[in-house]
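Chemist: Provided below are the primary sequence and the corresponding predicted coordinates.
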Amino acid sequence: MTDGHGMGVAWVWPLVLVLGLVIVVWALIRAYRANPGHASVGTGSARLILQERFARGEITEQEYRERMRVLDEH
């Protein structure tokens, strides 16, 4: 036998569950936007890295052109 006091807050648990799911999804989206491209690095990033290395003098023009050619092939 219940006196009915617990029935008034029965809606709280589904609300807490939905709110928790919303927070988890929001956190995942925010984490992804904070570090985009971390999961997969495309050829655009590789080209930028090559350009930076060439500009700093870490690789020669010949190495730069060869590596860019390899990227173009893939």
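Modeler: Looks like it arrived, so ask away. Fair warning: this is a prediction, and the values are worked out from it, not measured in the lab.
Chemist: Only alpha carbons, please: show the helix ranked longest in the chain as CSV.
Modeler: Secondary structure of the chain read by DSSP state H shows that its longest helix is helix 12-34. Below are the C-alpha coordinates for helix 12-34, written out as CSV (Å, rounded to 0.1, in the frame of the first residue of the first chain):
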residue,chain,number,x,y,z
VAL,A,12,11.7,13.0,-12.8
TRP,A,13,13.7,9.8,-13.8
PRO,A,14,12.8,9.9,-17.5
LEU,A,15,13.6,13.6,-17.5
VAL,A,16,17.0,13.0,-15.9
LEU,A,17,17.7,10.2,-18.4
VAL,A,18,16.9,12.5,-21.4
LEU,A,19,18.8,15.4,-19.9
GLY,A,20,21.8,13.1,-19.4
LEU,A,21,21.7,11.9,-23.0
VAL,A,22,21.5,15.4,-24.2
ILE,A,23,24.6,16.4,-22.1
VAL,A,24,26.6,13.4,-23.4
VAL,A,25,25.7,14.2,-27.1
TRP,A,26,26.5,17.9,-26.5
ALA,A,27,29.9,17.0,-24.9
LEU,A,28,30.8,14.7,-27.8
ILE,A,29,30.0,17.3,-30.4
ARG,A,30,31.9,20.0,-28.6
ALA,A,31,34.9,17.7,-28.2
TYR,A,32,34.9,16.9,-31.9
ARG,A,33,34.6,20.5,-32.9
ALA,A,34,37.5,21.4,-30.6
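Chemist: ok, and what's touching the helix or strand following it?
Modeler: Downstream of helix 12-34, the first helix or strand assigned by DSSP states H and E is helix 43-56. Residues outside helix 43-56 that contact it (CB atoms under 8 Å, 6 or more residues apart in numbering): 37, 59, 61, 64, 67, 68, 71, 74. Every C-beta, even on glycine, is put in place using the N, C-alpha and C of the backbone.
Chemist: and helix 43-56, which residues are buried?
Modeler: 50, 54 (16 or more other CB atoms under 10 Å).
Chemist: Counting by contacts, list what the following helix or strand past that helix packs against.
Modeler: Counting by DSSP H and E, the next helix or strand C-terminal to helix 43-56 is helix 61-73. Counting contacts by 3 or more CB pairs under 8 Å, 6 or more residues apart in numbering; DSSP states H and E, helix 61-73 packs against helix 43-56.
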